[in-house]
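1. can't give you the sequence, but here's the structure:
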Ligand code: SF4
């Protein structure tokens, strides 16, 4: 964003450093606060670059005040949702990389929207800065960033990659790489390209099924052309080279993928792999027929007894439709 402006006006490096300090590190809340720049340059910036490419529409806060879901509108008029979650003293921002999602997993409300628009890197960063600014007013900071909102990050690889570079850059947001997580449904070629960039951020795979047949049913668009065999080939190579653990997200759908047999099959699939399973009980949405599982504790116990690390994700923000798989603004279908 600032790069083209800097080129156009031959702005010197020290001015960019001043910009980065105020914009990223101090989370300024308008161009007027860029007081380290001379007024004439600031005025040009105000005229030529919108302070945020996403326009805030509304915020919803959950009853327990631990989750805030924010609705933004893009320049093209599409809607995007982002969520701030407060968990154990941490402030985690869940960003979207698309408005809607083209992957269409059959249990996911966002997937029913289809794709409206892929966001550019600035629009992704705008979501992070929005919450950073809000938290700053309470003397708090963002602790973690997760790419788990609307959209499939690996189908918007260039923008997502550039936004991650911005997050990690010590001159800009300066986040530690282990405080950022990219979650993907597993587009194998793009995953390989992403891993080859060696950002070192945490990787989470939306697995949701312990075998190919069930995954083909739940996530047909991604699963059929990106088989579990091919996916694990890439992941195994990555864990062998990096010694980094992969998180596998598994949403439990009553009577679909939550049986004792499914748990045993999942344990066998992950046995010997550097893995953490994150079980998520399904967040029901009115437009879809799936139900919450009542088998989550048993499912976890089977995995643990088989030596697989396994946690249960505490669902937050269900009352404001801000929980996993519920982001579905502007959807007539959901
Ligand atoms: S689960 Fe993720 S990849 Fe699948 S449709 Fe929903 S947002 Fe897209």
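-> Sure, I can see it. Everything numeric here is computed off the predicted structure, so don't read it as measured data. Residues are numbered from 1 along each chain as shown.
2. residue 14 - that's part of a strand, no?
-> No - judged by DSSP: H, G, I helix; E, B strand; the rest coil, residue 14 forms no part of a strand; its state is helix.
3. how close does it sit to the ligand?
-> The gap separating residue 14 from the ligand is 42 Å, by C-beta to the nearest ligand atom, to the nearest Å. All C-beta spots, glycine's among them, are computed from the backbone N, C-alpha and C.
4. near the ligand, which residues of the stretch 101-250 of the chain show up?
-> 101, 103-105, 108, 110-111, 152, 185, 206 (C-beta under 6 Å from any ligand atom).
5. and stretch 153-172, end to end?
-> Across stretch 153-172, the terminal residues are separated by 21 Å (C-alpha to C-alpha, to the nearest Å).
6. against residue 254, how distant is the closest residue to residue 98 other than its chain neighbours?
-> Excluding its sequence neighbours, the residue lying closest to residue 98 (C-beta to C-beta, 6 or more residues apart in numbering) is residue 151, at 2.7 Å. Going from residue 151 to residue 254 by C-beta to C-beta, to the nearest Å gives 26 Å.
7. so for those two, which sits in the more crowded spot?
-> Using other C-beta atoms under 10 Å as the criterion, residue 151 and residue 254 rank with residue 151 on top: 30 against 15.
8. so the more buried one sits in a strand?
-> No - secondary structure of residue 151 (three-state DSSP): coil, not part of a strand.
9. just for the stretch 1-150 of the chain, where's the confidence low?
-> Within the stretch 1-150 of the chain, no stretch falls below the threshold (pLDDT under 70).
10. repeat that with 90
-> Of all residues in the stretch 1-150 of the chain, those with pLDDT under 90 make up the ranges 1, 63-64, 87-89, 109, 112-113.
11. show me where it has helices.
-> With DSSP state H, counting those that start in this stretch, the ranges of helices along the stretch 1-150 of the chain come out as 2-8, 13-20, 39-48, 121-136.
12. got it, and the stretch 201-334 of the chain?
-> Shown for the stretch 201-334 of the chain, the helices assigned by DSSP H, counting those that start in this stretch span residues 212-218, 220-223, 228-242, 260-270, 296-305.
13. deepest-packed of the helices of the stretch 1-150 of the chain, please.
-> The highest mean neighbour count among the helices of the stretch 1-150 of the chain, using mean count of other C-beta atoms under 10 Å, belongs to helix 121-136: a mean of 22.
14. now this structure against the ligand: closest residue?
-> residue 111 (2.7 Å; C-beta to the nearest ligand atom).
15. including distance to residue 298, could the helices of the stretch 1-150 of the chain go into a markdown table?
-> Output for those, formatted as a markdown table (distance: least, C-beta to C-beta, whole Å):
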| stretch | distance to residue 298 |
| --- | --- |
| helix 2-8 | 53 |
| helix 13-20 | 51 |
| helix 39-48 | 58 |
| helix 121-136 | 37 |
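16. out of the ones you listed, which comes closest to residue 65?
-> Evaluated with C-beta to C-beta, the helices of the stretch 1-150 of the chain place helix 121-136 nearest to residue 65, the distance being 13.3 Å.
17. who touches the closest one?
-> For helix 121-136, contacts defined as C-beta atoms under 8 Å, 6 or more residues apart in numbering pick out 1, 23-24, 26-29, 52-54, 56, 70, 72, 74, 80, 82, 84, 91, 93, 95-97, 141-142, 145, 149, 158-160, 162-163, 166-167, 173.
18. mind checking which of the residues you listed land in strands?
-> Judged by DSSP state E, the subset of the contacts of helix 121-136 located in strands is 56, 70, 72, 80, 82, 84, 91, 93, 145.
19. now do the same contact list for the nearest residue in space to residue 71 that is not next to it in sequence.
-> In this structure, residue 71 finds its nearest non-sequential neighbour in residue 57, 4.3 Å apart by C-beta to C-beta, 6+ apart. By C-beta under 8 Å, 6+ apart, the residues touching residue 57 are 71-73, 79.
20. and the gap between residue 57 and residue 72?
-> Distance from residue 57 to residue 72, by C-beta to C-beta: 6 Å.
21. try residue 161
-> Residue 161 is 21 Å from residue 72, by C-beta to C-beta.
22. where's the spatially most central residue of the chain relative to residue 163, distance?
-> What sits nearest the mean C-alpha location of the chain, by C-alpha atoms, centre = their mean, is residue 147, with 1.4 Å. To residue 163, residue 147 is 9 Å away according to C-beta to C-beta.
23. need the residues touching each of these two.
-> Counting by C-beta under 8 Å, 6+ apart, the residues touching both residue 147 and residue 163 are residue 97.
24. of all pairs in the ones in strands among the contacts of helix 121-136, which one is the farthest apart?
-> Farthest apart among the ones in strands among the contacts of helix 121-136 by C-beta to C-beta are 80 and 91. That separation is 19.5 Å.
25. can you give me the neighbour number for residue 299?
-> 25.
26. surely it touches residue 305?
-> No - in this structure residue 299 lies outside contact range of residue 305 using C-beta atoms under 8 Å: 11.1 Å.
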